[in-house]
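A.B. asks: Generate a structure from the sequence data that follows.
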Amino acid sequence: MDDTEQSRRIWVLTIRRFAEMAWARHGVTRYLSVAFVPVMIALAVPGWWWALCTTFTLAAVVVDRRTHRFFVRVVPELDSYQEPSLRALVKRQIFALSMITTLYTIPYAALAFAPTPGPLLGLMFCAGAAVVCATLHVMTRTMILRTLPVATIGLVANAAALTSGPLSILAGMLASIIAINAIVSARGGSVSFRDLIVARMKAEQAAEDLERRVEERTAQLAVVTRRAQAANRAKSLFLANMSHELRTPLNAVIGYAEIVGEDLESGDTSASAEDLQKICGAASHLLTLINEVLDLSRIEAGKLELREADYDLTALLRGALDAVKFTAAKQRTTCTLSVAAGAITLLRGDETRVRQCVLNLLSNAAKFTSNGTIAVEARPCRIGNIAGVAIAVRDSGAGISADDLARLFQPFSQVDSSTTRKHDGAGLGLVITRRLARAMGGDVVAASKLGEGSTFTLYLPAKAAQARTAA
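C.D. replies: Model prediction:
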């Protein structure tokens, strides 16, 4: 809600509140009092003073009722009024209410000139009118300056008429001081209906803001809680699978070691060489798993150290392909390498970590591709405002579903997290690859469709080798 609309809303609520107080609540007591006082004056004050009071009272009631009917008609339509129209309406009604107050009060101010007990009754009525003006006529803070003057004059005149001589002057001065205090207090110290509405709207706005902030914070906490719960579930599942991954090669080492021991006891060592090779293979696999866990732990702890040196990217890619060609050949998969013209191949960086990233991507491609192809392509690219090189590893394997692709790089997540899955692995290779790439100023992204193969692209800054720069 903007300031203009808020101000308009404040005026609407102010007018409604005043209409409710002036007629729905105070109206009955006002009509009873103005009907009773002329009767009391007719009984107590000699002369035709009651007629004067009755005449002005009837005139005031007529104006009062017309004003009331106007409010009854206008109040339901206030929501359609704009702020300038509402301000004009308030000014008009303040004028009407000052006329009503004047008509009610003039005859009782005139009782200062009536026989006893006229001044006393006039003083009482004018005091009551002053109280009403000071406490009820507060639609705005300046409203009392329009409605209280006649009651003040009547208060002073009747107080002075009750005594004679110097006491008369003193009583008039005292009544004047009381009236001035009433005006000052009502003007400066009282709270107008508009003030109350403003305070209420501010409180409502503050409550709405607080409720909105609570809802936002609750939603944020719910998201964080769900993420934490999901991470905890993924971690528990990872630990279960990890224990399976570690137990498998460890059981192989122990089992074949026992077989070799039995062969040594029996003296038949014809199969021991093959068993020892299996022990070495299982131990190597176990060491790879442990190294992956340690690498991730170092990266998570922020203790990864990069060692820069010059290296040849083309030679690195050829060496990585040679490392997986045997695995790919068993799957009847062919491997190809292409380096685009313009790609910087003599680079400076951590060759070991770059090779680790490329090998992780190639190992996954070889593992999940059979009777297909694996293509490695290097091409120039831009990483932000700096030159870079993109290394794409494309395979024609089974592909990855959209749901699995979304959580592919999450820690403790695996595409196939069952303990009976077909392919071995802790599911840390891609996580480590992305963390390493980002630590080197690059990134890894994946694109895949189920049944159409996958493409993993490693982006690295193309920092030229120092030897080439010097040349």
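A.B. asks: hey, where'd the helices end up in the stretch 351-471 of the chain?
C.D. replies: Taking DSSP state H, counting those that start in this stretch as the criterion, the stretch 351-471 of the chain carries its helices at 351-367, 402-406, 429-439, 466-470.
A.B. asks: how about low-confidence regions in the stretch 301-450 of the chain?
C.D. replies: 411-427 (pLDDT under 70).
A.B. asks: one step back: and of the helices of the stretch 351-471 of the chain, who's closest to Pro149?
C.D. replies: helix 402-406 (77.8 Å; CB to CB). C-beta coordinates here come from the backbone N, C-alpha and C atoms, glycine included.
A.B. asks: how far does that closest one sit from the chain's center?
C.D. replies: 29 Å (CA atoms, centre = their mean, to the nearest Å).
A.B. asks: can you check stretch 438-457 too?
C.D. replies: The answer for stretch 438-457 is 33 Å, by CA atoms, centre = their mean.
A.B. asks: buried sites along it?
C.D. replies: Met440, Gly441, Gly442, Val444, Ala446, Ser448, Gly453, Ser454, Thr455, Phe456, Thr457 (16 or more other CB atoms under 10 Å).
A.B. asks: Identify the residues contacting the nearest residue to Ile386 once chain neighbours are set aside.
C.D. replies: Nearest residue to Ile386, sequence neighbours excluded (CB to CB, 6 or more residues apart in numbering): Pro461, at 5.8 Å. Going by CB atoms under 8 Å, 6 or more residues apart in numbering, Pro461 touches Gly349, Ile383, Ile386, Ala387, Gly388, Met440, Gly441, Gly442.
A.B. asks: burial of the fourth one, as a residue count?
C.D. replies: When you say that, I think you mean Ala387. Neighbourhood size, Ala387 [other CB atoms under 10 Å]: 14.
A.B. asks: Tell me how far it lies from Leu359.
C.D. replies: 24 Å (CB to CB, to the nearest Å).
A.B. asks: from the contacts of Pro461, which single one is nearest Leu430?
C.D. replies: Gly442 (14.4 Å).
A.B. asks: Contacts only, for that closest one.
C.D. replies: Gly442 neighbours (CB under 8 Å, 6+ apart): Ile383, Gly388, Leu458, Tyr459, Leu460, Pro461.
A.B. asks: Now, these that are in strands?
C.D. replies: The strands, defined by DSSP state E, take in Ile383, Gly388, Leu458, Tyr459, Leu460, Pro461 from the contacts of Gly442.
A.B. asks: ok so, going back, got JSON lines for the contacts of Pro461, with distance to Leu155 too?
C.D. replies: Converted to JSON lines, the contacts of Pro461 look like this (distance: CB to CB, whole Å):
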{"residue": "Gly349", "distance to Leu155": "96"}
{"residue": "Ile383", "distance to Leu155": "87"}
{"residue": "Ile386", "distance to Leu155": "87"}
{"residue": "Ala387", "distance to Leu155": "92"}
{"residue": "Gly388", "distance to Leu155": "91"}
{"residue": "Met440", "distance to Leu155": "90"}
{"residue": "Gly441", "distance to Leu155": "87"}
{"residue": "Gly442", "distance to Leu155": "89"}
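A.B. asks: And these, which is closest to Leu304?
C.D. replies: Met440 (9.8 Å).
A.B. asks: Now do that closest one against Ala315, distance only.
C.D. replies: 18 Å.
A.B. asks: How about the residue nearest to Ile386: which residues does it bridge to?
C.D. replies: Gly388 (DSSP bridges).
A.B. asks: State the distance from Glu300 to Ala439.
C.D. replies: Counting by CB to CB, the gap from Glu300 to Ala439 is 12 Å.
A.B. asks: Tell me how many other residues crowd Gly384.
C.D. replies: 7.
A.B. asks: typo on my end, it should be Thr55
C.D. replies: 13.
A.B. asks: Phi and psi next, for it.
C.D. replies: phi -60, psi -50 (degrees, to the nearest 10).
A.B. asks: Which pLDDT value does the model give it?
C.D. replies: pLDDT for Thr55: 87.
A.B. asks: which element is the residue nearest to it when sequence neighbours are not counted on?
C.D. replies: In space, Thr55 comes closest to Pro107 once its chain neighbours are excluded; the distance is 7.6 Å by CB to CB, 6+ apart. When elements are assigned from DSSP states H and E, Pro107 belongs to helix 83-109.
A.B. asks: If Leu347 is in a bridge, with which residues?
C.D. replies: Tyr311, Ala464.
A.B. asks: residues in contact with it?
C.D. replies: Asp310, Tyr311, Asp312, Leu313, Val389, Leu460, Ala462, Lys463, Ala464, Ala465.
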